[in-house]
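Asks: The following comprises the amino acid sequence and a computationally predicted model.
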Amino acid sequence: MKNTAFDSDEVLTDFLSDYLDGNLDKAERKSFEEYLDQNEDEKVFARKALRGKRALARLAKFRKNTSTSSVEA
């Protein structure tokens, strides 16, 4: 995977984490999205991270549902 500014900038990485977790207020989110629009590598990385987070959430939900089903059986 290509290196991005997230690899060397701890503050930017914190913004990414907060962005992915939905912890930015409207102004911060807009500012971060403007940054991503101007920095393609970081934008691609953020998209991949968001897709990964969503996939992990679906997996956790699936596992919870299947473990509940096996307990009820």
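Replies: Received it, and whenever you're ready, just let me know what you need.

Asks: Any buried residues in the helix or strand where A57 lies, and which?
Replies: Take DSSP states H and E as the rule and A57 turns out to sit in helix 40-72. Within helix 40-72, the residues scored as buried using 16 or more other Cβ atoms under 10 Å are E42, F45, A46. All C-beta atoms are positioned from the backbone trio N, CA, C, and that covers glycine.

Asks: My read is that D37 contacts K43, right?
Replies: Yes. D37 lies in contact with K43 (Cβ atoms under 8 Å); the separation is 6.8 Å.

Asks: Which secondary structure elements does the helix holding A57 sit against?
Replies: Applying 3 or more Cβ pairs under 8 Å, 6 or more residues apart in numbering; DSSP states H and E, one finds that helix 40-72 contacts helix 10-21, helix 26-38.

Asks: Comparing the ones you listed, which comes out most buried?
Replies: Across the helices and strands packed on helix 40-72, averaging neighbours per residue (mean count of other Cβ atoms under 10 Å) puts helix 10-21 on top, at a mean of 14.
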